[in-house]
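# need a structure here:
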Amino acid sequence: MKIYIRSASSISPQETFNNPLFLNELSEYPNNRLTCIEPDYNELIDPKLSRRMSRIIKMSVASALSCLKDAEITNPDAIITGTAYGCLEDSGIFLANMVEQDEEPITPTAFVQSTHNTIGAQIALLLKCNRYNNTFVSGGVSFENALLDATMLLMEKDTDNVLVGGMDEITDMSHTVLSRMGLYKRKPVPNRDLFKLNSKGTIGGEGAAFFLLAGTPSKNDIACIDALTTFYKPGDITETAQQVNSFLTAQSINCNDIDLLITGNNGDTRNDEIYVQLQQLLFGGIPTVSYKNLCGEYPTSTGFALWMGANVIKTNSIPAILNYKGTAQNKINKVLIYNHYQNTHHSLILISSC
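Here you go, the predicted structure:
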């Protein structure tokens, strides 16, 4: 069953929010941390409410409201979100307060707002939506599991549309901890040069992307989700290639039917070797782009990739800042997104023109 993307909205480290121009210019960052370009929330959210929201909640609410506005829907039939880290800023505030006050009783507000489902709940409260609401916290496939849940809901035909989002933020505390764990590069690396350096580590990122999905077509659809799947810790590159082939075979297509491949290269030699090997085994000659030099690495970055892929199909163009390899087709009908997070969580999303 095809799932139709009626609208898509993204707040990211690029000028993606309510921008009629599709990735026309690269926003450059001189270090190993990319932060979102945030809009004026007062134009989107009541300032009295916005003042009480953390940054990730404001980004998510703004993106969700913009997505619904573009789809001309005031209240969705379901709200599903995926996040690995939840509201990190509030979590950090709560933990800091515990330490500073020597574990004495403290105001619970930061704790209440730190839970992962706060984002989906806040959107529902603003919309007065008391329908199905679910949040997936599944590490590097949190967003993909939210998409799978939305797909099953639409296949059951109990809902006409579903609002789906993926979001994660980066804070000073999380960036410091993940840097110590070796996730990020030790020296500042401009995102423009991310794929030019042969070294360990990547650059941190964040973002919030929302999609209004429907089970029936309309004249306003921008793309279709044909299929998606996830797999966990493949043993070697052969098993990974088998997973990709099985996924494409189930859709009655092969690699040559893919007009564009979007990969999750992040500049870490340990991470990118898998993409290099797959390129040699399966995807030789297929136009390929990577996206994490635009948004950075974070567990739900495939939300940004899906937003990007849907807009590539909508505009039938590949922005120059993506530095794609290969010869682009005159008509981009099928786009395959392949990403893995630390070679643990792998995902494949196949989208096509409607």
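# In the protein, which residue is most central in space?
G303 (1.9 Å; CA atoms, centre = their mean).
# Now do the SS call for that residue.
Under DSSP: H, G, I helix; E, B strand; the rest coil, the three-state class of G303 is helix.
# which residues does it contact?
Neighbour list for G303: 10, 82, 143, 165-167, 207-209 [criterion: CB atoms under 8 Å, 6 or more residues apart in numbering]. Yep, even glycine has a C-beta here, placed from its N, CA and C like the rest.
# ditto for H345
Residues in contact with H345 (CB under 8 Å, 6+ apart) are 138-141, 230, 232, 299.
# And L49, by the same measure?
L49 makes contact with L126, according to CB under 8 Å, 6+ apart.
# same deal with A310?
A310 touches 5, 8, 211, 222-223, 351, counting by CB under 8 Å, 6+ apart.
# Let's have those residues in a markdown table, adding neighbour count, secondary structure and distance to E156.
Output for those, formatted as a markdown table (neighbours: other CB atoms under 10 Å; DSSP: H, G, I helix; E, B strand; the rest coil; distance: CB to CB, whole Å):
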| residue | neighbour count | secondary structure | distance to E156 |
| --- | --- | --- | --- |
| I5 | 25 | strand | 19 |
| A8 | 27 | strand | 23 |
| F211 | 31 | strand | 19 |
| I222 | 20 | coil | 24 |
| A223 | 23 | strand | 22 |
| I351 | 27 | strand | 22 |
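# of those, closest to P76?
For the contacts of A310, the residue nearest P76 by CB to CB is F211; the value is 10.7 Å.
# OK, contacts around that closest one?
5, 7-9, 67, 163-165, 306-307, 310.
# now G205
By CB under 8 Å, 6+ apart, G205 lies in contact with 13, 33-34, 170, 292, 295-298, 301.
# Also L194?
If you count contacts by CB under 8 Å, 6+ apart, L194 has them with 202-203, 266-267, 292-293.
# one step back: export the contacts of G303 to JSON lines and tack on neighbour count, distance to T74 and pLDDT?
Converted to JSON lines, the contacts of G303 look like this (neighbours: other CB atoms under 10 Å; distance: CB to CB, whole Å; pLDDT from 0 to 100):
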{"residue": "S10", "neighbour count": "30", "distance to T74": "21", "pLDDT": "98"}
{"residue": "G82", "neighbour count": "31", "distance to T74": "23", "pLDDT": "98"}
{"residue": "F143", "neighbour count": "33", "distance to T74": "24", "pLDDT": "98"}
{"residue": "G165", "neighbour count": "28", "distance to T74": "17", "pLDDT": "98"}
{"residue": "G166", "neighbour count": "34", "distance to T74": "22", "pLDDT": "98"}
{"residue": "M167", "neighbour count": "32", "distance to T74": "22", "pLDDT": "97"}
{"residue": "G207", "neighbour count": "31", "distance to T74": "25", "pLDDT": "98"}
{"residue": "A208", "neighbour count": "32", "distance to T74": "20", "pLDDT": "98"}
{"residue": "A209", "neighbour count": "31", "distance to T74": "21", "pLDDT": "98"}
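# Identify the farthest-apart pair in these.
Taking CB to CB, no two of these sit farther apart than S10 and G82, at 14.3 Å.
# would you list every one of the strands in the stretch 1-150 of the chain?
For the stretch 1-150 of the chain, applying DSSP state E, counting those that start in this stretch gives strands covering 3-11, 78-82, 132-136.
# just the buried members of the contacts of H345?
138-141, 230, 299 (16 or more other CB atoms under 10 Å).
# ok, so of the residues you listed, who is nearest G284?
Nearest member of the buried ones among the contacts of H345 to G284, counting by CB to CB, is T230, at 24.8 Å.
# Sketch out the low-pLDDT regions of the stretch 251-354 of the chain for me.
Applying pLDDT under 70 to the stretch 251-354 of the chain picks out residues 326-328.
# rerun at 90
284-285, 320, 323-330 (pLDDT under 90).
# Please enumerate the helices of it.
269-281, 292-295, 302-315 (DSSP state H, counting those that start in this stretch).
# among the ones you listed, which is the most enclosed?
Most buried of the helices of the stretch 251-354 of the chain by mean neighbour count (mean count of other CB atoms under 10 Å) is helix 292-295; its value is a mean of 27.
# Return the distance of that helix from the chain's centre.
Helix 292-295 has its C-alpha centroid displaced from the chain centroid by 11 Å (CA atoms, centre = their mean, to the nearest Å).
# What is it packed up against?
Under the contact definition 3 or more CB pairs under 8 Å, 6 or more residues apart in numbering; DSSP states H and E, helix 292-295 sits against helix 302-315.
# at 10 Å what do you get?
Using 3 or more CB pairs under 10 Å, 6 or more residues apart in numbering; DSSP states H and E, the elements in contact with helix 292-295 are strand 207-214, helix 302-315.
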